[in-house]
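K.L.:
Quick one: sequence and predicted model below, then my questions.
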Amino acid sequence: INNLNNNGIRVIVLTGDNEYVTKAICEKVNINTKRIVLGNQVDKLTDMALIRILKNTNVFAKLSPIQKARIVRLLGESGNVVGYMGDGINDSPSLVNSEVGISVDTAVDIAKETADIILLEKDLNVLNDGVIEGRKTFGNLMKYIKMAVSFNFGEVSSILIASIFLPFFPITPIQLLVQSLIYDIGQLSLPMDNIDKEYTKKPRKWNIESLKHFMLWMGPTSAIFDLLIFSLLWFVFGIREQNSSLFQTIWFSYGIISNLIGLHIIRTAKVPFIESNASKTVYLFTIIICIVAIIVPFTVIGKFLGLTNLPPFFILFIFIIPILYCFLAMIVKKQYIKKYGDWI
């Protein structure tokens with residue numbers, strides 16, 4: 001019970017037993033019994049009044065099946081994600097009204113058929129562990145989605161703008177497809193990534209507004225930095241149309257490496273590598289794919305794609321520039337968190 005409470009999961013008791021038995025049992029498992037509301041009192045309350053009572057009452061006794069189902073319904077309608085656990089025939093309406101119905105393997109058949117989850121062990125820690133794993137899965141999913149929308153927004157925008165001013169494509173369609181395939185392979189490690197403990201301490205919900213804000217902050221940041229790289233290659237290093245294959249090769253390898261290093265910025269609200277570390281699998285994939293990004297231009301596949309051998313100076317350039325992008329992204333991330341209060 002304490003673990004559930006500590007992880008933002010409130011435990012409410014709905015029972016048909018009398019208040020004396022209910023109070024004795026709840027006190028043994030550390031559930032607050034300062035206020036117990038009875039079924040005959042529930043019947044006298046309007047839905048709005050009952051919702052107000054539910055905000056600070058954890059124990060309801062002498063309830064009928066219909067009263068239990070009503071409370072579960074009102075909890076859901078007031079914005080809560082409700083899980084209900086029961087093993088009897090009279091629990092079926094509440095199991096139906098809840099978002100997650102939970103029963104046990106010794107329950108009556110109708111309760112087990114109605115439930116979404118059936119516990120095979122007498123251990124509520126299974127519920128706590130399941131919720132934490134669900135939050136970890138959701139967190140890693142959001143990492144991938146936010147990384148995809150921000151990097152794609154930034155890269156597509158910068159390529160479109162650069163294509164208007166350059167006399168050649170900064171990267172050809174086939175090169176772009178292979179580039180995307182390679183760093184997508186690197187992102188396959190995200191389901192095995194670590195999640196910051198702070199992230200799993202409270203429930204999370206899908207929020208399209210948060211996704212939009214993230215894209216409109218990190219996407220332009222990525223695009224501006226990409227355009228800066230294009231400018232350096234054209235104006236500083238003097239790579240012109242006759243060396244377009246070198247320009248495309250640099251962008252091909254840089255795009256993969258910058259996205260994979262940027263992954264470590266996006267995966268946590270903390271300072272990566274110092275305050276929060278990715279899993280060993282993510283680090284391994286990052287290193288391998290970065291090496292692949294440098295090797296491909298030297299291979300037969302690279303020649304088929306129209307890439308050329310990279311001079312040592314530009315190999316060093318490709319690794320240094322993403323590090324500078326990380327510092328810029330950290331500044332933007334700090335401002336984003338300050339404004340919106342969240343990250344992933």
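P.N.:
Noted; the coordinates are in hand. Numbers count the residues shown, from 1 in each chain.

K.L.:
show me where the protein has strands.
P.N.:
Along the chain, counting by DSSP state E, strands occupy 13-14, 36-38, 59-61, 83-85, 100-104, 117-119.

K.L.:
quick one: contacts of the longest one?
P.N.:
Which is strand 100-104. The list of residues contacting strand 100-104 from outside it, by C-beta atoms under 8 Å, 6 or more residues apart in numbering, reads 81-87, 91, 95, 111-112, 114-119, 122, 127. Bear in mind the C-beta positions are built from the backbone N, C-alpha and C, glycine included.

K.L.:
what lines up beside that strand in the sheet?
P.N.:
Paired strands of strand 100-104, with direction, are strand 83-85 (parallel), strand 117-119 (parallel) (DSSP bridges).

K.L.:
what ranges do the helices span in the stretch 51-200 of the chain?
P.N.:
Counting by DSSP state H, counting those that start in this stretch, the stretch 51-200 of the chain forms helices over residues 65-77, 92-97, 109-114, 125-165, 173-187, given from the N-terminal end onward.

K.L.:
can you count the residues close to residue 170?
P.N.:
If you count neighbours by other C-beta atoms under 10 Å, residue 170 ends up with 26.

K.L.:
tell me the pLDDT at it?
P.N.:
In the prediction, the pLDDT value recorded for residue 170 is 93.

K.L.:
show me what contacts residue 105?
P.N.:
If you count contacts by C-beta under 8 Å, 6+ apart, residue 105 has them with 112, 118-120.

K.L.:
I should have written residue 120 there, sorry.
P.N.:
Shown here is residue 120, whose contacts under the criterion C-beta under 8 Å, 6+ apart are residue 105.

K.L.:
can you give me phi and psi for it?
P.N.:
In this entry, residue 120 is assigned phi and psi values of phi -100, psi -10 (degrees, to the nearest 10).

K.L.:
Near residue 233, how many residues? Count them for me, please.
P.N.:
As a burial measure, residue 233 scores 23 neighbours (other C-beta under 10 Å).

K.L.:
Pretty sure it sits against residue 239.
P.N.:
Yes. With contacts counted by C-beta atoms under 8 Å, residue 233 reaches residue 239, the gap being 4.8 Å.

K.L.:
Can you pull out the low-pLDDT segments for the stretch 201-344 of the chain?
P.N.:
Regions of the stretch 201-344 of the chain meeting the criterion pLDDT under 70 are absent.

K.L.:
Much appreciated, bye for now.
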